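Chemist: Here is a sequence with its predicted model. Questions after.
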Number of protein chains: 2
Amino acid sequence: MDRQESDFDALFKPKNVAVVGASNTFGKIGGATLAAILSGEYRGEIYPVNPNENEVLGLKTCPNITSIPGDIDLVVITVPAATALEVLKECEKKGVKACIMITAGFKEVGGEGEKMQNEISEIGRRSGIKIVGPNCMGVYSASSNLIAIMSPVNPNKGNIAMVSQSGTLGMVLMDTISKTGAGFTKFVSSGNEAVLKLEDYLEYYREDPEAEVVVAFIEGVREGKRFVKIARELTKRKPLIAIKAGKTKAGGEAAHSHTSSIAGSIQVFRSVAKQTGITLAENSDELVDYATAFSKSPLPKGRRVGILSGAGGWAVLSADACEEHGLKVPELPADVVNRINELAPSYWSHRNPIDLVSSLDINLFKFCGEILFEENVVDALLYAYIAYDFSSSFDSLAKISSFSEEEIDMFKKGSRWFMENLAESASSINEKYGKPVFFVTRDSEVYNVLRSSRVPVFGSPIRAVKCIAKMVEYREYLERNMKAEK
Amino acid sequence: MDRQESDFDALFKPKNVAVVGASNTFGKIGGATLAAILSGEYRGEIYPVNPNENEVLGLKTCPNITSIPGDIDLVVITVPAATALEVLKECEKKGVKACIMITAGFKEVGGEGEKMQNEISEIGRRSGIKIVGPNCMGVYSASSNLIAIMSPVNPNKGNIAMVSQSGTLGMVLMDTISKTGAGFTKFVSSGNEAVLKLEDYLEYYREDPEAEVVVAFIEGVREGKRFVKIARELTKRKPLIAIKAGKTKAGGEAAHSHTSSIAGSIQVFRSVAKQTGITLAENSDELVDYATAFSKSPLPKGRRVGILSGAGGWAVLSADACEEHGLKVPELPADVVNRINELAPSYWSHRNPIDLVSSLDINLFKFCGEILFEENVVDALLYAYIAYDFSSSFDSLAKISSFSEEEIDMFKKGSRWFMENLAESASSINEKYGKPVFFVTRDSEVYNVLRSSRVPVFGSPIRAVKCIAKMVEYREYLERNMKAEK
């Protein structure tokens, strides 16, 4: 494992990177990839390799790998397939430690391409070079500011390590998750997996202290038994969120289903997920939501959810969603009801969900949330509040002559102030008790305030509740597991 | 039915509106309601009623209903409960045709409130006044520019008629659906339903030619048999999309579950929905999606879906979603493959999903979409393309000194041009064949271009596919129904 780890370091923490096929033309893969590396402000040395140009994107070029002075950690290869294979052989001679082969035209086209891919596998085996791809989008690594990806992306930095067997979609999911405020430590588009496979990345992430949450987009599992073993060990330490694409006949054919796969049947994969503690997402929305929630929030210690609302219908849907997903919406103890009675207007709901109707009293919301944790009534708290963009709802008042611009501005400021403070109360309760707090709203102010907090925000109750349920399931898996080991 | 219809006209198409409790203070319900009416630019006469002010929001006031000269179609009542009841009696004397009682504090608080509500019911019965509420948010009607709602909202105009037993949530859903580009002809927050009930609004919408799609947010059904009868007749003419809140014990208690309800059990409601052709949404996201899809798109004539993609993973997930929801992803006839071969790069998928990989050839996309309808290979077409915000992905290039601002701008314009034209191709195929075309993307340009088209746009495959499946189910219900009637 020692050797392997240090080689992976050449991939994720390279001292230098050569880009073969680097170009001034952004439309070319080598141009886009070098641009992405530059845009990420990569910390190490960059060597563009191009025999036909002296300078590319402001950097002096080398004609080939051999001519680069000194050792090279990582080479990104973007030239056409046959040339790419020759470059890889050059890398072997030079003693390069890791390669990302973005180039397509290998096994996925069959014939000569397949033969060339077999050669790549053979080179990987004999040289020990850590080879990603071919036919992949590339690799991201936060600690080195390395965006070795064929398209400029801007992920947030954070605690998620991801491996994706679908390149474009992996990047889309990384982008979508980043927009929630969650972030990434590492991302790999694994491509055709001629050498490094899904299982290798998962094994590395299992040991990687920067990877606190692991996300996998899986089309096919090549080493079934090893996958099960690694997954089982990984989930003891950190959550593994996975989606299996190509679940159906139509989807599987579209994915050009892989050989020797335990995942030919989704039923088998579901049962493996259950046995190994994998958090299985059934579609891409779930994957984004689960990654966001696990990345941001602590795990709930039980199934009891407190719902805090200012709108009856939102509270009812939240309660429905909880119960449909196996969570509990416990009764409030008489003592808690009495204490809320002292502060709340008489028309509050007197039960969980706590519906404060039209109250705009931030301290009251905060009190209600805190008392639920303080008195150990619930394991997680769900704010379900003002579900539209509160401050923009005043825009239409501009049509009424008797409202001055200042007045409308004041209404807007007031509503923004309220939503900001409500969002902050959620975050402060989360911090004070170290327990999960989720927020359901469509108000953009809340999203802004909570972006970098540990409170995940969702646009509808069902999406928040499914996350809480999955987190509870994972925690219960861990508990069963610990007991079994005793 | 004649009498009833003309009375409903006083509610939805009033010649004039009085607002009792109208106020200059926006924070008061009567102030917000009058402001909403003014902001909507209501076409008829407005009479603010307030005995303590001469002028409210620039309009002369009347001291009471009786003092208003001439007949009054609609009175909106916002004053406290006991006064509200007196005002209603005044309305009866004056011969007012319709009332919206926004005021709360009736049956939902019990005791005296419940007694007062019984009086409202009695007045409704003996006078025939169409009374909405009490304890409701109000009514919207597009044809009169009437926003008689206690909070300023700005729905799009369109073909959806909605009734909601949850006020705030109903408005949130109307706002969310409006943001998709779908629009509303009418919206009612039905409140405590002292007089007019869910069933009455549905009966009116059934006959209303402006209502092409009906949406209902249901907490409890009061007249079970009548509901079933109306739903069955309604769905013969137009789709009825419904959500049942309070499905579970926790949710039902939160909704203060209603008496004499067929909907005590969600199992019963699900079976009623199936028998009567109701399109049942299981959560608020589904309600928004189904309303959008049915409002915009023609119904598919069968279960066959063609998927058009530029990203393998997105295509695979789309195919999975189709098959999991009972749709078919048919093989392409050899003839169609050959004709695409003539135009497409060799690496296209050669099957459905049609994955054109990195092709940026708009005409090719259009050709592939058209041939699927032209040759009757599919009943619906799903674009699953560029799933992130394409043009903003170039922002990070600004960090690289060798790219000029003009160059980056050119990239962005190019990507915008491509996405705009791709979106337009989807819309033009929809128009040419009159068949359903859906678009899955996260690109904001596509949303802008298709907002007012008949092509619904969704952020993930699963959400689009669930809509197509529901539309097919509704069409099949209609076909079974027509056969049974022959």
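Modeler: Looks like it came in fine.
Chemist: Tell me, how many residues neighbour residue A:89?
Modeler: Applying other C-beta atoms under 10 Å in any protein chain shown, we find 14 other residues in the vicinity of residue A:89. All C-beta atoms are positioned from the backbone trio N, CA, C, and that covers glycine.
Chemist: Can you name every helix or strand that the helix or strand it falls within contacts?
Modeler: Per DSSP states H and E, residue A:89 falls inside helix A:81-94. Contact analysis of helix A:81-94 by 3 or more C-beta pairs under 8 Å, 6 or more residues apart in numbering or on different chains; DSSP states H and E lists strand A:74-77, strand A:98-101, helix A:111-127 as its packing neighbours.
Chemist: those strands in the stretch 151-300 of chain A, which residues are they?
Modeler: A:157-164, A:184-189, A:213-218, A:240-244, A:279-281 (DSSP state E, counting those that start in this stretch).
Chemist: Take those strands and write them to JSON lines, including distance to residue B:267 and mean neighbour count.
Modeler: Shown next, in JSON lines, are the strands of the stretch 151-300 of chain A (distance: least, C-beta to C-beta, whole Å; neighbours: other C-beta atoms under 10 Å in any protein chain shown):
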{"stretch": "strand A:157-164", "distance to residue B:267": "40", "mean neighbour count": "24"}
{"stretch": "strand A:184-189", "distance to residue B:267": "43", "mean neighbour count": "26"}
{"stretch": "strand A:213-218", "distance to residue B:267": "35", "mean neighbour count": "27"}
{"stretch": "strand A:240-244", "distance to residue B:267": "31", "mean neighbour count": "26"}
{"stretch": "strand A:279-281", "distance to residue B:267": "27", "mean neighbour count": "23"}
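Chemist: Present those as a markdown table; the columns should include mean pLDDT and distance to chain B.
Modeler: Listed next are these as a markdown table, based on pLDDT from 0 to 100; distance: least, C-beta to the nearest C-beta, whole Å:
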| stretch | mean pLDDT | distance to chain B |
| --- | --- | --- |
| strand A:157-164 | 98 | 8 |
| strand A:184-189 | 98 | 10 |
| strand A:213-218 | 97 | 7 |
| strand A:240-244 | 97 | 8 |
| strand A:279-281 | 97 | 10 |
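Chemist: Would you reformat these as a markdown table and include distance to residue B:268?
Modeler: Compiled in a markdown table, the strands of the stretch 151-300 of chain A are given as follows (distance: least, C-beta to C-beta, whole Å):
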| stretch | distance to residue B:268 |
| --- | --- |
| strand A:157-164 | 43 |
| strand A:184-189 | 47 |
| strand A:213-218 | 40 |
| strand A:240-244 | 35 |
| strand A:279-281 | 32 |
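Chemist: Out of those strands, which is closest to residue A:229?
Modeler: Proximity to residue A:229 (C-beta to C-beta) singles out strand A:240-244 among the strands of the stretch 151-300 of chain A, at 12.8 Å.
Chemist: by contact count, what packs against the closest one?
Modeler: On a contact count with 3+ C-beta pairs under 8 Å, 6+ apart, strand A:240-244 meets strand A:213-218, helix A:266-276, strand A:279-281, helix A:284-296.
Chemist: What distance do you get for residue A:475 to chain B?
Modeler: As judged by C-beta to the nearest C-beta, to the nearest Å, residue A:475 and chain B stand 21 Å apart.
Chemist: Now do the contacts for the residue nearest to that residue when sequence neighbours are not counted.
Modeler: In this structure, residue A:475 finds its nearest non-sequential neighbour in residue A:299, 4.6 Å apart by C-beta to C-beta, 6 or more residues apart in numbering or on different chains. Neighbouring residues of residue A:299 by C-beta atoms under 8 Å, 6 or more residues apart in numbering or on different chains: A:436, A:471, A:472, A:474, A:475.
Chemist: Any figure for the gap between residue A:299 and residue B:306?
Modeler: 43 Å (C-beta to C-beta, to the nearest Å).
Chemist: Over to residue A:189?
Modeler: From residue A:189 to residue B:306 the distance is 27 Å (C-beta to C-beta).
Chemist: for residue A:71, same thing?
Modeler: Residue A:71 is 52 Å from residue B:306, by C-beta to C-beta.
Chemist: neighbour count winner among these two?
Modeler: A count of neighbours by other C-beta under 10 Å puts residue B:306 above the other of residue A:71 and residue B:306, at 24 against 12.
Chemist: mind listing what's buried in the helix or strand harbouring residue A:467?
Modeler: Secondary structure from DSSP H and E places residue A:467 in helix A:461-485. Within helix A:461-485, the residues scored as buried using 16 or more other C-beta atoms under 10 Å in any protein chain shown are A:461-475, A:477-478.
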